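> Model the structure of this input:
(chains A and B)
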Amino acid sequence: MTDNILEVQNLVKHYPIKAGVFQHVVGHVRAVDGVSFSIRKGQTFGLVGESGCGKTTVGRTLLRLTEPTGGQAFLDGQDIFSMNRSQLRAIRPKLQMIFQDPYSSLNPRMPVGELIGEAVRQHHIVPKDQYQNYILQIMDACGLRRYYIDRYPHEFSGGQRQRICIARALALGPDLIIADEPVSALDVSIQAQIINLLQDLQAERKLTYLFISHDLSVVEYISDEVGVMYLGSLVEKAPTADLYQHPMHPYTRALLSAVPIPDPDIRMNRTVLEGDLPSPANPPKGCKFHTRCPNCMEICKEKAPDFLDYGNGHWTACHLYSQAGENRADTTDHSETDDPSENNLS
Amino acid sequence: MSENTANTKNTKKERLKQIKRFNAKVYRQYTKDKKRKIPVSDYITEMRDADNLLEFDNLQAYFYTDAGTVKAVDGVSFDIPKGKTVGVVGESGCGKSVTSLSVMRLLQGPQGQIAGGQIRYNQESMQRAVDLTKMPMDAMQKIRGKEIAMIFQEPMTSLNPVFTIGDQLSESIKLHFPKMSKQEVKARCIEMMKLVGIARAEGIFDNYPHELSGGMRQRIVIAMALSCDPRLIIADEPTTALDVTIQAQILDLLRELKDKINASIMLITHDLGVVAEMADYVVIMYAGKVVEQGTAKEIFHDPRHPYTIGLLKSRPVLNEDVGRLYSIPGTVPNPIEMPSYCYFKNRCEKCMECCSGEYPATIDVTPTHKVNCWLYAQPSAGSEAGR
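All right, here's what the predicted structure looks like:
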């Protein structure tokens, strides 16, 4: 277990809903509701889900940008959630974030050198006399020209800005980078450049990524292990190849079949999910997915399934598998589509 | 040194003055044209092919800004056949949205103007073909929203937050069918909402947009577009702001509806997956020009232009093991000072000597497949370099 750089146990984040003149709490938005996972050193963990499923909140609470409601997270064995300000400050260089929108996450009044260098100076990463040189090295590594150092963010395109954001995170020599939708605001041809850059840097510097995205094909490409979130909980977690080839949870299957394939000959017969995401303030009873699930059974409406390991590190939370024996006949009835994951049962 | 900088400052000022003077002239002409009464004979034309619903012929849409003239769309030609879906693909800033706004004549004037070319529309209701670029505004009003309807990109911002869904849905029906009674209009709205798969249509009729989710709002926007039985639906990134599961629902819906009311769709998107699923014909745009067009099969199985090939290769595909992702180097050129040679030259892997010459002409690979690239200009040299 020592090779896990990050371990998250039962992470919970509830936002209170306030109402009335006195702003009393009338309920909670369960943004993240008991998420556990761990990331091995040098690997990439992908977190996917629809908007509003809590994947960004997971990233932000790990950095303590929003305070968690409960749970524990260990970075190299140190509990992040119990640290005080000065301890947190000491650990911040190891844990960096790349934000979603490169257009709003750079201060327009700072030149590039300052944007990248501010935290380097604050954390005394390098001695003063090497500072300038260090910034230039980081810029080189991220594919930024050296003369950009005095320019301002508005002079750059989206792809270049994202490179600046990456350089800023990289300058502190982090072990773990939380990348929150780093490519979704970019054009297709620029996306490929940034993904390649992230992978090169990972190989060079032994970085670990927590890669948060809603784009399943990008996540498949970059991740070693993937977690699928739905309404604040993980519904499935497995090594990438396993998850994409043998998805177990009906939600994962629906997500995968919804991705359009760039080939006009494949007009697939997909499982289209009915309806919208339920409100996280008032999640459905039992399994949270049962309102949209094509394989819904009686038990799903009553009892929430446990998140269990079904071999080879393939975890899922679904009643279809937990009582494989008795409900076997039932499940095959519901899923007419040919389903590779059924093989896992026998 | 100081003299030098002063000099460059002066020339800069001079240039700015020149641009402003030129723009003022263009704006004056624009307002004059707007007031002019245009006789019907001015905008009646002939379709090149009677099976086409819409023909773009060398369309040019320019923006006259203080920094210079931006040729957002510069000589775009393609056809939209009746009952087919045409996908227009390109990265942001390539002019795909401006092309669609030109059809609707919704370019923001006086900066944005159609500078040349024709958009021929086969107006079957009046048994004639018209040139939309020259039409007067009052005639355009009768087409816009009724015969050509548009689905805008962001369902969050394209609905007015202070009017109810019912108000906004019935607006275009009231405008185009003034003889309908109130009850009929409401019945029509509810029928449209049911058509796009909204279960509780009566209840939602009196709701405000903020009470609906993103997918529902996009359905309302689609219902608005369909409410007058349009011949052509322009869908400008209809699913970009939505999640994949909702995207799948909306795409299925669009495909079904197209067959139901037998309309054509012009689908604008940057997502090649969406295009492959929806489109019969594909048009690839780059920096204001069409670089390649053909049927969906031709574009996806036999792409010719290096830009198209790069685009297809730079996306990771589900369940397909690729090594390193291909990335097109560099970025899109500055739209104000476009070079005279091929715009893609500086990013192209297969760049040859003749690429520095003039802009490549359109070359027919097959009768439907056209490409603008020097690689295919001479059959002998092309086949060698094309490998």
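
> hey, let's count contacts and neighbours off CA atoms from now on
OK.

> which SS state does residue 228 fall under?
Looking at chain A here, since you left the chain open. strand (DSSP: H, G, I helix; E, B strand; the rest coil).

> Actually, chain B is the one I wanted.
B:Cys228 - assigned by three-state DSSP - is coil.

> Tell me, how many residues neighbour it?
Counted with other Cα atoms under 10 Å in any protein chain shown, the neighbours of B:Cys228 add up to 20.

> How about the backbone phi and psi for it?
Main-chain torsions, B:Cys228, degrees, to the nearest 10: phi -110, psi 20.

> give the contact list for it.
B:Cys228 sits next to B:Gly145, B:Lys146, B:Glu147, B:Ser172, B:Ile173, B:His176 when contact means Cα atoms under 8 Å, 6 or more residues apart in numbering or on different chains.

> mind listing what residue 66 touches?
By default, I'm working from chain A. A:Thr57, A:Arg60.

> should've been chain B
B:Leu16, B:Ile19, B:Lys20, B:Asn23.

> next one: phi and psi at whatever residue of chain B ends up closest to chain A?
In chain B, the residue that lies nearest chain A is B:Gly273 (4.0 Å; Cα to the nearest Cα). When read as degrees, to the nearest 10, the backbone of B:Gly273 gives phi -60, psi -40.

> residue ranges of the strands in the chain, please?
No chain specified, so I'll use chain A. Counting by DSSP state E, chain A has these strands, from start to end: A:4-19, A:24-40, A:44-48, A:70-75, A:78-79, A:95-98, A:176-180, A:208-213, A:225-230, A:233-239, A:308-309, A:315-316.

> sorry, should have said chain B
With DSSP E as the criterion, chain B has strands at B:44-45, B:52-65, B:68-81, B:85-89, B:112-123, B:128-131, B:148-151, B:232-236, B:264-269, B:281-286, B:289-295, B:363-364, B:370-371.

> now the angle between strand B:289-295 and the fourth one, please.
An angle of 140 degrees separates the directions of strand B:85-89 and strand B:289-295 when computed by axes from the mean of the first three to the mean of the last three Cα atoms, to 10 degrees.

> follow-up on the earlier one: who wins for proximity to B:Leu54 among the strands of chain A?
strand A:208-213 (38.6 Å; Cα to Cα).

> Tabulate the strands of chain B in a markdown table, adding columns for mean neighbour count.
Formatted as a markdown table, the strands of chain B follow (neighbours: other Cα atoms under 10 Å in any protein chain shown):
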| stretch | mean neighbour count |
| --- | --- |
| strand B:44-45 | 17 |
| strand B:52-65 | 21 |
| strand B:68-81 | 21 |
| strand B:85-89 | 27 |
| strand B:112-123 | 21 |
| strand B:128-131 | 20 |
| strand B:148-151 | 24 |
| strand B:232-236 | 24 |
| strand B:264-269 | 25 |
| strand B:281-286 | 25 |
| strand B:289-295 | 25 |
| strand B:363-364 | 17 |
| strand B:370-371 | 24 |
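
> Now do B:Ile268 against B:Phe300, distance only.
Distance, B:Ile268 to B:Phe300, by Cα to Cα, to the nearest Å: 17 Å.

> interface residues of the stretch 101-250 of chain B facing chain A?
Residues of the stretch 101-250 of chain B found near chain A (Cα under 8 Å from any Cα of the partner chain) are B:Ser213, B:Gly215, B:Asp243, B:Val244, B:Thr245, B:Ile246, B:Gln247, B:Ala248, B:Gln249.

> Next, give phi and psi for the third one.
The reference is to B:Asp243. Recorded main-chain torsions at B:Asp243 are phi -70, psi 160, according to degrees, to the nearest 10.

> about what we covered before: please identify which pair of the residues of the stretch 101-250 of chain B next to chain A lies farthest apart.
Most distant of those, by Cα to Cα, are B:Ser213 and B:Ala248, 15.6 Å apart.

> what about the two, which has more around it?
Per other Cα under 10 Å, whichever of B:Ser213 and B:Ala248 has more neighbours is B:Ala248, with 23 against 14.

> What's the mean pLDDT across stretch B:45-55?
When pLDDT is averaged over stretch B:45-55, the result is 90.

> one step back: out of the contacts of B:Cys228, which one sits closest to B:Val76?
B:Glu147 (22.2 Å).

> tell me the contacts of the closest one?
By Cα under 8 Å, 6+ apart, the contact list for B:Glu147 reads B:Cys228, B:Asp229, B:Pro230, B:Arg231, B:Leu232.

> one more time with 6 Å
Each residue near B:Glu147 by Cα atoms under 6 Å, 6 or more residues apart in numbering or on different chains is listed here: B:Pro230, B:Arg231.
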